[in-house]
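A.B. asks: give the three-dimensional model of this entry:
(one chain, ligands or ions: 1)
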Amino acid sequence: MSALLKVGEVVMRFGGVTAVGGVSFEVGRRSICGLIGPNGAGKTTLFNCISGIYRPTAGRIAFEGQDITGAPRHRMAGMGIGRTFQNLALFRTLSVRDNVLAGAHSRGKSGFAAAAFRLASARREEEEAEERLRPLLSMLDLAGVAGVPVAALPFGTQKRVEMARALIGEPKLLLLDEPAGGLNHSEVDGLAGLLLDIRERFSLSILLVEHHMNLVMRVSDKVVALDFGKKIADGTPAEVRADPEVIRAYLGEEAVQHGRAA
Ligand SMILES: Nc1ncnc2c1ncn2[C@@H]1O[C@H](COP(=O)(O)OP(=O)(O)OP(=O)(O)O)[C@@H](O)[C@H]1O
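C.D. replies: Below is the predicted model:
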(Lines give C-alpha, C1' and ligand atoms only; values in the text may rest on other atoms or scores of the structure.)
Protein backbone atom coordinates (compact mmCIF):
# COMPACT_ATOMS: atom_id res chain seq x y z
CA MET A 1 0.00 0.00 0.00
CA SER A 2 1.31 3.46 -0.87
CA ALA A 3 2.51 5.88 1.80
CA LEU A 4 0.02 8.27 3.39
CA LEU A 5 2.31 11.29 3.04
CA LYS A 6 5.07 11.72 0.47
CA VAL A 7 7.44 14.64 0.72
CA GLY A 8 9.47 14.92 -2.50
CA GLU A 9 12.57 17.11 -2.87
CA VAL A 10 10.99 19.97 -0.94
CA VAL A 11 12.94 23.23 -0.97
CA MET A 12 12.05 26.33 1.07
CA ARG A 13 14.06 29.51 0.68
CA PHE A 14 13.59 32.77 2.54
CA GLY A 15 15.50 35.36 0.49
CA GLY A 16 19.07 34.11 0.57
CA VAL A 17 18.44 31.55 3.35
CA THR A 18 17.76 27.96 2.32
CA ALA A 19 15.85 26.64 5.34
CA VAL A 20 15.00 23.32 3.64
CA GLY A 21 17.25 22.22 0.81
CA GLY A 22 15.60 19.34 -1.05
CA VAL A 23 14.17 16.91 1.52
CA SER A 24 12.28 13.70 0.68
CA PHE A 25 10.68 11.17 2.99
CA GLU A 26 7.48 9.19 3.43
CA VAL A 27 5.09 8.58 6.31
CA GLY A 28 3.36 5.21 6.18
CA ARG A 29 -0.25 4.52 7.09
CA ARG A 30 -0.86 4.07 10.82
CA SER A 31 2.75 4.87 11.57
CA ILE A 32 4.51 7.34 13.82
CA CYS A 33 7.37 9.28 12.22
CA GLY A 34 9.69 11.48 14.28
CA LEU A 35 11.35 14.50 12.66
CA ILE A 36 14.49 15.47 14.55
CA GLY A 37 17.51 17.75 14.13
CA PRO A 38 19.48 20.40 15.99
CA ASN A 39 18.23 23.99 16.30
CA GLY A 40 17.81 25.64 12.91
CA ALA A 41 17.86 22.29 11.02
CA GLY A 42 14.66 23.15 9.13
CA LYS A 43 12.11 21.02 11.01
CA THR A 44 9.50 23.71 11.65
CA THR A 45 9.88 25.12 8.14
CA LEU A 46 9.28 21.68 6.62
CA PHE A 47 6.34 21.16 8.96
CA ASN A 48 4.87 24.48 7.86
CA CYS A 49 5.25 23.46 4.21
CA ILE A 50 3.34 20.23 4.89
CA SER A 51 0.57 21.96 6.85
CA GLY A 52 0.02 24.69 4.24
CA ILE A 53 1.48 27.63 6.15
CA TYR A 54 4.25 27.99 3.55
CA ARG A 55 4.16 27.21 -0.14
CA PRO A 56 7.46 25.43 -0.84
CA THR A 57 9.87 27.12 -3.26
CA ALA A 58 10.20 23.76 -5.05
CA GLY A 59 9.25 20.11 -4.60
CA ARG A 60 6.05 18.17 -4.17
CA ILE A 61 3.95 17.06 -1.20
CA ALA A 62 1.37 14.32 -1.75
CA PHE A 63 -1.25 13.14 0.73
CA GLU A 64 -3.19 9.97 -0.04
CA GLY A 65 -1.80 10.12 -3.57
CA GLN A 66 -3.08 13.68 -4.17
CA ASP A 67 -0.80 16.63 -4.76
CA ILE A 68 -1.34 19.06 -1.87
CA THR A 69 1.71 21.25 -2.52
CA GLY A 70 0.79 24.80 -1.59
CA ALA A 71 -2.79 23.91 -0.57
CA PRO A 72 -3.98 26.62 1.86
CA ARG A 73 -3.93 25.81 5.56
CA HIS A 74 -7.71 26.21 6.00
CA ARG A 75 -8.24 23.26 3.64
CA MET A 76 -5.96 20.91 5.60
CA ALA A 77 -8.46 19.79 8.26
CA GLY A 78 -11.05 18.99 5.60
CA MET A 79 -8.51 16.88 3.73
CA GLY A 80 -7.70 14.87 6.88
CA ILE A 81 -4.62 16.64 8.23
CA GLY A 82 -4.76 17.95 11.81
CA ARG A 83 -2.00 19.83 13.60
CA THR A 84 -0.93 21.33 16.89
CA PHE A 85 1.39 24.30 17.37
CA GLN A 86 4.63 24.71 19.32
CA ASN A 87 3.28 27.74 21.19
CA LEU A 88 -0.37 26.68 21.34
CA ALA A 89 -3.09 28.38 19.34
CA LEU A 90 -6.19 28.13 21.53
CA PHE A 91 -9.05 30.53 22.29
CA ARG A 92 -7.87 31.33 25.79
CA THR A 93 -11.10 32.71 27.19
CA LEU A 94 -13.27 29.89 25.83
CA SER A 95 -13.87 26.62 27.65
CA VAL A 96 -12.08 23.38 26.84
CA ARG A 97 -15.28 22.06 25.32
CA ASP A 98 -15.74 25.05 22.99
CA ASN A 99 -12.09 25.00 21.94
CA VAL A 100 -12.33 21.33 21.01
CA LEU A 101 -15.62 21.79 19.15
CA ALA A 102 -14.01 24.62 17.16
CA GLY A 103 -11.84 21.90 15.59
CA ALA A 104 -14.97 20.17 14.30
CA HIS A 105 -16.19 23.40 12.67
CA SER A 106 -12.96 23.96 10.81
CA ARG A 107 -13.42 20.52 9.31
CA GLY A 108 -17.16 20.85 8.58
CA LYS A 109 -18.15 19.93 5.06
CA SER A 110 -21.41 21.86 4.87
CA GLY A 111 -19.59 25.17 4.81
CA PHE A 112 -20.16 28.61 6.21
CA ALA A 113 -23.48 29.35 4.49
CA ALA A 114 -25.08 26.13 5.75
CA ALA A 115 -23.82 26.78 9.26
CA ALA A 116 -25.03 30.37 9.17
CA PHE A 117 -28.55 29.30 8.23
CA ARG A 118 -28.33 26.23 10.48
CA LEU A 119 -29.31 23.88 7.69
CA ALA A 120 -29.96 20.24 8.48
CA SER A 121 -26.54 19.08 7.26
CA ALA A 122 -24.73 21.59 9.48
CA ARG A 123 -26.90 20.60 12.46
CA ARG A 124 -26.13 16.93 11.86
CA GLU A 125 -22.40 17.67 11.75
CA GLU A 126 -22.70 19.50 15.07
CA GLU A 127 -24.53 16.57 16.63
CA GLU A 128 -21.89 14.15 15.36
CA ALA A 129 -19.15 16.35 16.81
CA GLU A 130 -20.95 16.40 20.19
CA GLU A 131 -21.05 12.59 20.12
CA ARG A 132 -17.31 12.40 19.46
CA LEU A 133 -16.57 15.00 22.13
CA ARG A 134 -17.30 12.99 25.27
CA PRO A 135 -15.07 9.93 24.57
CA LEU A 136 -12.36 12.23 23.26
CA LEU A 137 -12.33 14.37 26.41
CA SER A 138 -12.21 11.30 28.58
CA MET A 139 -9.38 9.72 26.56
CA LEU A 140 -7.31 12.90 26.93
CA ASP A 141 -8.18 13.23 30.62
CA LEU A 142 -10.08 16.47 30.02
CA ALA A 143 -13.61 15.44 31.04
CA GLY A 144 -13.24 17.04 34.49
CA VAL A 145 -12.26 20.43 33.05
CA ALA A 146 -14.63 20.54 30.05
CA GLY A 147 -16.28 23.78 31.24
CA VAL A 148 -13.10 25.52 32.41
CA PRO A 149 -11.62 28.41 30.36
CA VAL A 150 -8.39 27.26 28.77
CA ALA A 151 -6.37 30.16 30.25
CA ALA A 152 -6.99 28.81 33.77
CA LEU A 153 -5.38 25.44 33.01
CA PRO A 154 -1.76 24.30 33.36
CA PHE A 155 0.32 24.28 30.17
CA GLY A 156 0.40 20.47 29.92
CA THR A 157 -3.41 20.34 30.04
CA GLN A 158 -3.68 23.06 27.40
CA LYS A 159 -1.48 20.96 25.13
CA ARG A 160 -3.94 18.08 25.46
CA VAL A 161 -6.79 20.46 24.59
CA GLU A 162 -4.99 21.33 21.37
CA MET A 163 -4.57 17.67 20.61
CA ALA A 164 -8.27 17.02 21.23
CA ARG A 165 -9.15 19.92 18.93
CA ALA A 166 -7.07 18.36 16.15
CA LEU A 167 -8.52 14.89 16.79
CA ILE A 168 -12.20 15.80 16.76
CA GLY A 169 -11.86 16.37 13.01
CA GLU A 170 -10.86 12.68 12.72
CA PRO A 171 -7.65 13.33 10.81
CA LYS A 172 -5.73 10.60 9.00
CA LEU A 173 -2.49 12.45 9.69
CA LEU A 174 -1.75 14.31 12.91
CA LEU A 175 1.12 16.82 12.79
CA LEU A 176 2.50 17.55 16.26
CA ASP A 177 4.97 20.41 16.76
CA GLU A 178 7.01 19.74 19.91
CA PRO A 179 4.25 18.10 21.96
CA ALA A 180 6.70 17.43 24.82
CA GLY A 181 7.96 21.04 24.98
CA GLY A 182 7.41 22.49 28.46
CA LEU A 183 6.20 19.19 29.97
CA ASN A 184 7.73 17.58 33.07
CA HIS A 185 9.09 14.01 33.22
CA SER A 186 5.88 12.30 34.24
CA GLU A 187 3.87 14.29 31.68
CA VAL A 188 6.27 13.18 28.93
CA ASP A 189 5.83 9.56 30.06
CA GLY A 190 2.06 10.00 29.88
CA LEU A 191 2.38 11.61 26.44
CA ALA A 192 4.30 8.63 25.04
CA GLY A 193 1.47 6.27 26.06
CA LEU A 194 -1.13 8.70 24.79
CA LEU A 195 0.43 8.98 21.31
CA LEU A 196 0.49 5.18 20.96
CA ASP A 197 -3.15 5.01 22.15
CA ILE A 198 -4.21 7.73 19.72
CA ARG A 199 -2.62 5.90 16.81
CA GLU A 200 -4.48 2.70 17.74
CA ARG A 201 -7.82 4.30 18.53
CA PHE A 202 -7.97 6.56 15.47
CA SER A 203 -5.96 4.38 13.05
CA LEU A 204 -4.03 7.45 12.05
CA SER A 205 -0.43 8.42 11.33
CA ILE A 206 1.55 10.92 13.36
CA LEU A 207 4.41 13.14 12.21
CA LEU A 208 6.09 14.69 15.18
CA VAL A 209 8.74 17.38 15.42
CA GLU A 210 10.38 16.93 18.77
CA HIS A 211 13.55 17.79 20.67
CA HIS A 212 12.82 15.27 23.42
CA MET A 213 14.93 12.44 22.04
CA ASN A 214 13.75 9.86 24.53
CA LEU A 215 10.12 10.39 23.53
CA VAL A 216 10.86 10.28 19.79
CA MET A 217 12.87 7.08 20.09
CA ARG A 218 10.18 5.42 22.25
CA VAL A 219 7.15 6.06 20.08
CA SER A 220 8.42 6.38 16.49
CA ASP A 221 8.35 3.59 13.93
CA LYS A 222 10.83 5.60 11.96
CA VAL A 223 12.85 8.74 12.44
CA VAL A 224 13.97 11.32 9.88
CA ALA A 225 16.92 13.50 10.91
CA LEU A 226 17.67 16.90 9.37
CA ASP A 227 20.71 19.13 9.64
CA PHE A 228 21.24 22.46 7.85
CA GLY A 229 18.08 21.85 5.80
CA LYS A 230 19.20 18.44 4.47
CA LYS A 231 18.11 14.94 5.42
CA ILE A 232 21.04 13.17 7.08
CA ALA A 233 19.32 9.96 8.22
CA ASP A 234 16.03 8.08 7.74
CA GLY A 235 15.43 4.74 9.47
CA THR A 236 14.34 2.97 12.62
CA PRO A 237 15.03 4.75 15.92
CA ALA A 238 17.95 2.36 16.58
CA GLU A 239 19.47 3.00 13.13
CA VAL A 240 19.15 6.77 13.41
CA ARG A 241 20.48 6.88 16.96
CA ALA A 242 23.61 5.00 15.84
CA ASP A 243 24.10 7.00 12.61
CA PRO A 244 27.48 8.82 12.65
CA GLU A 245 26.03 11.83 10.81
CA VAL A 246 23.33 12.18 13.47
CA ILE A 247 25.83 11.82 16.31
CA ARG A 248 28.05 14.43 14.63
CA ALA A 249 25.12 16.84 14.16
CA TYR A 250 24.11 16.62 17.81
CA LEU A 251 27.35 16.09 19.66
CA GLY A 252 30.19 17.08 17.33
CA GLU A 253 33.13 15.29 15.74
CA GLU A 254 34.73 14.22 19.01
CA ALA A 255 31.67 12.20 19.99
CA VAL A 256 31.79 10.31 16.66
CA GLN A 257 35.38 9.30 17.33
CA HIS A 258 34.36 8.02 20.75
CA GLY A 259 31.29 6.25 19.30
CA ARG A 260 28.80 8.01 21.54
CA ALA A 261 25.11 7.74 20.61
CA ALA A 262 22.88 10.82 20.39
N1 LIG B 1 10.62 33.19 8.05
C2 LIG B 1 11.95 33.01 7.95
N3 LIG B 1 12.74 33.94 7.36
C4 LIG B 1 14.07 33.77 7.25
N5 LIG B 1 14.73 32.69 7.72
C6 LIG B 1 14.00 31.74 8.33
C7 LIG B 1 12.58 31.84 8.48
N8 LIG B 1 12.13 30.74 9.13
C9 LIG B 1 13.22 29.98 9.37
N10 LIG B 1 14.33 30.58 8.90
C11 LIG B 1 15.71 30.04 8.96
O12 LIG B 1 15.66 28.76 8.41
C13 LIG B 1 16.47 27.85 9.16
C14 LIG B 1 15.63 26.69 9.66
O15 LIG B 1 14.74 27.17 10.68
P16 LIG B 1 13.63 26.25 11.37
O17 LIG B 1 12.92 27.10 12.36
O18 LIG B 1 12.84 25.56 10.34
O19 LIG B 1 14.56 25.19 12.13
P20 LIG B 1 14.12 24.15 13.27
O21 LIG B 1 14.83 22.89 12.95
O22 LIG B 1 12.67 24.09 13.40
O23 LIG B 1 14.78 24.83 14.55
P24 LIG B 1 14.29 24.77 16.11
O25 LIG B 1 14.56 23.39 16.56
O26 LIG B 1 15.21 25.76 16.75
O27 LIG B 1 12.85 25.16 16.16
C28 LIG B 1 17.11 28.67 10.25
O29 LIG B 1 18.39 29.08 9.80
C30 LIG B 1 16.18 29.85 10.40
O31 LIG B 1 16.88 30.98 10.86
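
A.B. asks: quick one, domains of the chain?
C.D. replies: 1-71+171-262, 81-170 (automatic domain parsing).

A.B. asks: redo the ones you listed as TSV? Include mean pLDDT and mean neighbour count.
C.D. replies: Using the backbone N, CA and C atoms, a C-beta is placed for each residue, glycine as well. Below are these laid out as TSV (pLDDT from 0 to 100; neighbours: other C-beta atoms under 10 Å):
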stretch	mean pLDDT	mean neighbour count
domain 1-71+171-262	92	18
domain 81-170	82	17
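
A.B. asks: okay, these in CSV with distance to the ligand next?
C.D. replies: Conversion of these to CSV gives the following (distance: least, C-beta to the nearest ligand atom, whole Å):
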stretch, distance to the ligand
domain 1-71+171-262, 3
domain 81-170, 7
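
A.B. asks: point to the residue nearest the middle of this protein.
C.D. replies: Centroid-nearest residue in the chain, with C-alpha atoms, centre = their mean: residue 175, separated by 1.5 Å.

A.B. asks: part of a helix, is it?
C.D. replies: No: per DSSP: H, G, I helix; E, B strand; the rest coil, residue 175 lies outside any helix segment and is strand.

A.B. asks: can you pull the contacts of it?
C.D. replies: Contacts for residue 175 were tallied using C-beta atoms under 8 Å, 6 or more residues apart in numbering; they are 47, 50-51, 81-84, 206-208.

A.B. asks: so it bridges to which residues?
C.D. replies: residue 83, residue 207 (DSSP bridges).

A.B. asks: measure it to residue 17 for me?
C.D. replies: 23 Å (C-beta to C-beta, to the nearest Å).

A.B. asks: I'd guess residue 10 is in a strand, am I close?
C.D. replies: Yes: secondary structure of residue 10, determined by three-state DSSP: located in a strand.

A.B. asks: just give the nearest non-adjacent residue to it, would you?
C.D. replies: Using C-beta to C-beta, 6 or more residues apart in numbering and skipping the chain neighbours, the partner closest in space to residue 10 is residue 59 (3.5 Å).
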